[in-house]
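Trainee: Provided below for reference: sequence and predicted model.
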Amino acid sequence: MEGLRFKRQIRILLLTDGLAMVAAAMLAPIYALFVERIGGDLLDASLTVGVFAFFAALTAFFSGKYADKIEENELILVLGYGLMGIGFFLYIFVDAIWQLFLIQALIGVAGAIASPAFDVLYSKHLREEKAGRTWGSWEALNYLTAAFGAVIGGLIVVNFGFNAAFILMALLCFISAIYIYILPRRVL
């Protein structure tokens, strides 16, 4: 078991990023149904995901440059997770496609703000002799959260509706943001 132990910082980053990844994965398999519910079609679903990716790409470049210049990347991570939570919460109020475009842009920006800061912090705490294992753990977490989030999201929507899923998604991101924010700065 000694080989599977990671530094405290890595465990914290895996936990908090895992919560945000579960939140995002909850919507993935049912997203087109949500778009249809607000009057959109498959093309609208595709276009709004395209908007998400486009804004994430634009933001990622600048966020990465900024992450290299700032000392407290954990605060950038808090901002990204917090904005994701706000975006997920705002889904509750969407009743038109144009609103969904705006929220998808916000969530794309939020994710792209958080990702380079996460990468900086994660890389900073890697042990050279365990770099492959540590990154492999993050990759495994990525797939596991996709599986878990997809199932949980579907179950929640079927049993309680979209708004319940959106609230849980937002809460998971807010928990990650708050947890990282209240940590003493020297921890991460």
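Mentor: Done, it's in.
Trainee: show me what the helix of greatest length in the chain is packed against.
Mentor: Counting by DSSP state H, the longest helix found in the chain is helix 131-160. Packing contacts for helix 131-160, counted by 3 or more C-beta pairs under 8 Å, 6 or more residues apart in numbering; DSSP states H and E, involve helix 8-27, helix 162-182. Just so you know, the C-beta spots here come from the backbone N, C-alpha and C atoms, and that holds for glycine as well.
Trainee: in CSV, list those helices along with distance to residue 64, mean neighbour count and mean pLDDT.
Mentor: Listed next are those as CSV, based on distance: least, C-beta to C-beta, whole Å; neighbours: other C-beta atoms under 10 Å; pLDDT from 0 to 100:
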stretch, distance to residue 64, mean neighbour count, mean pLDDT
helix 8-27, 17, 21, 94
helix 162-182, 19, 20, 97
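Trainee: can you redo those helices as a markdown table with distance to residue 100?
Mentor: A markdown table is the format used below for the helices and strands packed on helix 131-160 (distance: least, C-beta to C-beta, whole Å):
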| stretch | distance to residue 100 |
| --- | --- |
| helix 8-27 | 12 |
| helix 162-182 | 12 |
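Trainee: to residue 103, which of the ones you listed lies closest?
Mentor: For the helices and strands packed on helix 131-160, proximity to residue 103 was assessed by C-beta to C-beta; helix 162-182 is nearest, at 10.4 Å.
Trainee: give me the contacts around the closest one.
Mentor: Helix 162-182 is touched from outside by 12, 15-17, 19-20, 22-24, 26-27, 30, 34, 37, 74-75, 77-79, 81-82, 84-86, 88-89, 91-92, 153, 156-157, 188, with contacts defined as C-beta atoms under 8 Å, 6 or more residues apart in numbering.
Trainee: relative to helix 131-160, how tilted is that helix?
Mentor: For helix 162-182 against helix 131-160, the angle between stretch directions is 140 degrees (axes from the mean of the first three to the mean of the last three C-alpha atoms, to 10 degrees).
Trainee: could we number from 58 for the rest of this?
Mentor: Noted, 58 is the first residue going forward, which turns the last one into helix 219-239.
Trainee: residues touching the residue most central in space within the chain, list them.
Mentor: Against the mean C-alpha coordinate of the chain, by C-alpha atoms, centre = their mean, the closest residue is residue 77 at 4.0 Å. Applying C-beta under 8 Å, 6+ apart, we find residue 77 in contact with 138, 141, 171, 229, 230, 233.
Trainee: make CSV out of those residues and add distance to residue 110.
Mentor: Formatted as CSV, the contacts of residue 77 follow (distance: C-beta to C-beta, whole Å):
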residue, distance to residue 110
138, 19
141, 15
171, 15
229, 21
230, 19
233, 22
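Trainee: quick one: which of the residues you listed is nearest residue 100?
Mentor: Using C-beta to C-beta, residue 141 is the member of those that sits closest to residue 100, with 25.2 Å.
Trainee: please compute how far the helix or strand harbouring the closest one lies from its chain's middle.
Mentor: Element membership of residue 141, judged by DSSP states H and E, is helix 130-147. Between the centre of helix 130-147 and the centre of its chain there are 8 Å (C-alpha atoms, centre = their mean, to the nearest Å).
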